[in-house]
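Q: the following block contains a protein sequence and its predicted model.
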Amino acid sequence: MPLTLAEYEQLVYGLPDTVSAIRYSTLTVVRLEPPTAIVKGEVYFEGDVFLRALQVLDFEEGFIQRYSYEVYRGEDKLYWYDSWPHPHIPELSSTDPHHKHVPPDIKHNRVLAPHLSFDRPNLPFVIQEIIDTLLAGEGDQSQTSQ
């Protein structure tokens, strides 16, 4: 069952309280003409790691309309997810339009993103991936409770 706007605001604004690995968050939910909202901002972790997120949400037409999740360490962009379709790339067809840009040629090197969706929140997965892959061994990193 899809979340309501109020429930999604609770998820976004509650992240620093429910995920101990988050130092702080500037994520905001901007309510537009109902039932639309935009989520934008950054989530900061230890080790100079942060997530820059942008989502366009529609709570009548299917939840997430578009998204971009960029992961940085300092000024270095490590990888990003976006929902721009690439029907010309057969290797991405099973999760199209969900994909991840990864090194070495981060702009053109894309891989499947089976854990992302337009139908459910993506932030818990993206945050857990940061904890598991970039913060492992940097202290007590509890799991997300989402």
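A: Received, thanks. Numbering: from 1, shown residues only.
Q: list the buried residues of the helix or strand where Thr133 lies.
A: Assigning secondary structure by DSSP states H and E places Thr133 in helix 123-134. Neighbour-count burial for helix 123-134, counted by 16 or more other CB atoms under 10 Å, picks out Leu123, Pro124, Phe125, Val126, Ile127, Gln128, Glu129, Ile130, Ile131, Leu134. Any C-beta I mention is one placed from the backbone N, CA and C, and that applies to glycine too.
Q: tell me the one of those nearest Gly74?
A: Proximity of the buried residues of helix 123-134 to Gly74 (CB to CB) peaks at Leu134, which lies at 12.0 Å.
Q: which ones are touching the residue nearest to that closest one when sequence neighbours are not counted?
A: Leaving aside its chain neighbours, Leu134 sits nearest to Val49 (5.2 Å; criterion: CB to CB, 6 or more residues apart in numbering). Under the criterion of CB atoms under 8 Å, 6 or more residues apart in numbering, the contact list for Val49 reads Val71, Tyr72, Arg73, Ile130, Leu134, Leu135.
Q: where are the low-confidence patches of the chain?
A: 1, 137-146 (pLDDT under 70).
Q: ranges for the strands of it?
A: 22-25, 28-31, 36-45, 49-58, 63-73, 76-82, 99-101, 110-112 (DSSP state E).
Q: turn the ones you listed into JSON lines, columns for distance to Leu11.
A: Below are the strands of the chain laid out as JSON lines (distance: least, CB to CB, whole Å):
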{"stretch": "strand 22-25", "distance to Leu11": "11"}
{"stretch": "strand 28-31", "distance to Leu11": "9"}
{"stretch": "strand 36-45", "distance to Leu11": "10"}
{"stretch": "strand 49-58", "distance to Leu11": "11"}
{"stretch": "strand 63-73", "distance to Leu11": "12"}
{"stretch": "strand 76-82", "distance to Leu11": "18"}
{"stretch": "strand 99-101", "distance to Leu11": "22"}
{"stretch": "strand 110-112", "distance to Leu11": "25"}
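Q: picking up where we left off before, what is the helix holding Thr133 packed up against?
A: helix 5-18, strand 36-45, strand 49-58, strand 63-73 (3 or more CB pairs under 8 Å, 6 or more residues apart in numbering; DSSP states H and E).
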